[in-house]
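Trainee: Just need the structure, nothing else, for what follows:
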Amino acid sequence: MKNLKMVSGLSGLVLVALLGLSTVFPSPLKAVDTLEYNQVKFEEVTSGDPYNVPEVPVQNPKSLEGMKIAIVAGHGFEEIEGTYPIRHMLKRGAKVDVVTPDWIKGRVMAVQFLKPSLWIPVDKQISNAKVEDYDAIIIPGGAWNPIIMRTDNAILDFVRKAHQSNKLIASVCHGPQVLINAGLVKGLDVTGVGDIRTDLRNAGGNVIEDKPAVFDKNILTSRDPNDMAQFCIAIEEYLVKRAKFEKVNHSDSEVSTNTIICDHCHGTGWLEGGPGLYRYQCPTCHGTGRVPGVSYPQNGTDH
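Mentor: Numbers count the residues shown, from 1 in each chain. Here you go, the predicted model:
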């Protein structure tokens with residue numbers, strides 16, 4: 001009995017000690033209840049360093065006249081990577097559409113680094129956009145925008161169809177992440193912002209780090225917002241050269257019923273060349289693979 005009383009007394013002392021400690025060291029649950037957070041104020045959010053990229057002087061306000069370009073973007077694209085090419089192309093006579101995922105309607109949000117900056121009017125949702133209507137598509141970067149775009153199947157299908165149709169696909173900064181998911185990077189020379197270069201290499205791309213604009217076939221990539229002038233100059237030059245390269249004089253008269261295979265394209269109706277080695281219509285046969293003429297049988301040499 002005496003031993004039991006001693007054990008009981010010791011237990012009481014331990015209990016008292018533990019209760020005392022709990023006042024000094026509160027339980028984790030009570031500690032969580034006392035946590036406090038401050039709400040982020042808009043003016044506290046950083047917009048990063050300013051990009052002071054001067055506009056390229058307009059040499060010819062009609063250099064892109066008749067051409068149509070799609071800026072394909074979701075919320076969170078870096079402002080300058082959308083607005084700079086829009087202004088550049090419009091000032092040279094191009095028609096520009098801002099195309100977004102289907103769930104983004106009316107306007108799409110641009111950012112400056114972490115900070116929302118502008119609402120840009122939307123011209124079309126991706127389901128209503130047709131690849132054949134455009135001469136080029138531009139994919140801006142920004143950290144949030146590619147996350148939205150690279151997981152949108154309609155966007156990826158649009159980009160793949162543009163590639164298959166030999167349309168110019170131009171992408172800058174984080175934008176090439178969309179090209180990775182579209183399966184268009186493997187085997188190509190590409191570039192992008194520093195933190196996605198490992199991703200580009202893992203996707204099979206040959207990353208060029210020391211050039212502001214990298215062309216491979218019909219795909220153009222640039223590194224970051226500081227390259228916007230060179231990026232837009234490259235787009236303009238490509239489209240102008242391509243237009244000149246594909247310009248042919250179509251005859252209004254019907255092709256003679258007496259035709260032979262075109263020697264220029266060997267009957268295929270297509271050639272390959274120009275900037276990017278894209279396919280273009282044969283200027284000799286206008287894509288028919290045949291030219292006016294009479295085919296004569298070969299004379300044999302046997303007597």
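Trainee: show me the contacts for the residue nearest in space to the middle of the chain.
Mentor: Relative to the mean C-alpha position of the chain, the nearest C-alpha, by C-alpha atoms, centre = their mean, is the one of I139, at 2.7 Å. With C-beta atoms under 8 Å, 6 or more residues apart in numbering as the criterion, the residues that contact I139 are V72, A73, M149, V159, I169, A170, S171, V172, G175, P176, V178, L179. Glycine gets a C-beta too; all of them are placed from N, C-alpha and C.
Trainee: Which single one of those is nearest to I126?
Mentor: Distance from I126 was checked for each of these by C-beta to C-beta. The minimum falls on V72, at 7.5 Å.
Trainee: out of the contacts of I139, who's nearest T268?
Mentor: The shortest approach to T268 among those belongs to I169, at 24.5 Å (C-beta to C-beta).
Trainee: That closest one belongs to a helix?
Mentor: No: the assignment for I169 by DSSP: H, G, I helix; E, B strand; the rest coil gives strand, which leaves it out of any helix.
Trainee: Quick check: it vs Y37, distance?
Mentor: With distances taken as C-beta to C-beta, to the nearest Å, I169 is found 43 Å from Y37.
Trainee: if we can go back for a sec, bridging residues for the residue nearest to the centre of the chain?
Mentor: S171 (DSSP bridges).
Trainee: any idea how far A170 is from it?
Mentor: With the distance defined as C-beta to C-beta, I139 ends up 7 Å from A170.
Trainee: do the same with K186
Mentor: The span separating K186 from A170 equals 19 Å under the rule C-beta to C-beta.
Trainee: Of the two, give the one with the bigger neighbour count.
Mentor: Neighbour comparison, K186 and A170: the larger count goes to A170, with 27 against 11 (by other C-beta atoms under 10 Å).
Trainee: Show the contacting residues for C265.
Mentor: Residues in contact with C265 (C-beta under 8 Å, 6+ apart) are L271, C282, T284, C285, G289.
Trainee: scratch that, G269 is what I was asking about
Mentor: For G269, the contacting residues are C262, Q281, C282, C285, G287, T288, G289, by C-beta under 8 Å, 6+ apart.
Trainee: nearest to E81, of the residues you listed?
Mentor: Of all those, the one with the least separation from E81 (C-beta to C-beta) is Q281, at 33.0 Å.
Trainee: what about the closest one, neighbour count?
Mentor: 16.
Trainee: now the stretch 1-150 of the chain, which segments are flagged as low pLDDT?
Mentor: Within the stretch 1-150 of the chain, the segments meeting pLDDT under 70 span 1-28.
Trainee: repeat for the stretch 151-300 of the chain
Mentor: For the stretch 151-300 of the chain, residues meeting the criterion pLDDT under 70 lie at 248-257, 274-279, 294-300.
Trainee: Would you map the helices across it?
Mentor: If DSSP state H, counting those that start in this stretch is used as the criterion, the helices of the stretch 151-300 of the chain fall at 153-164, 176-181, 197-202, 228-246.
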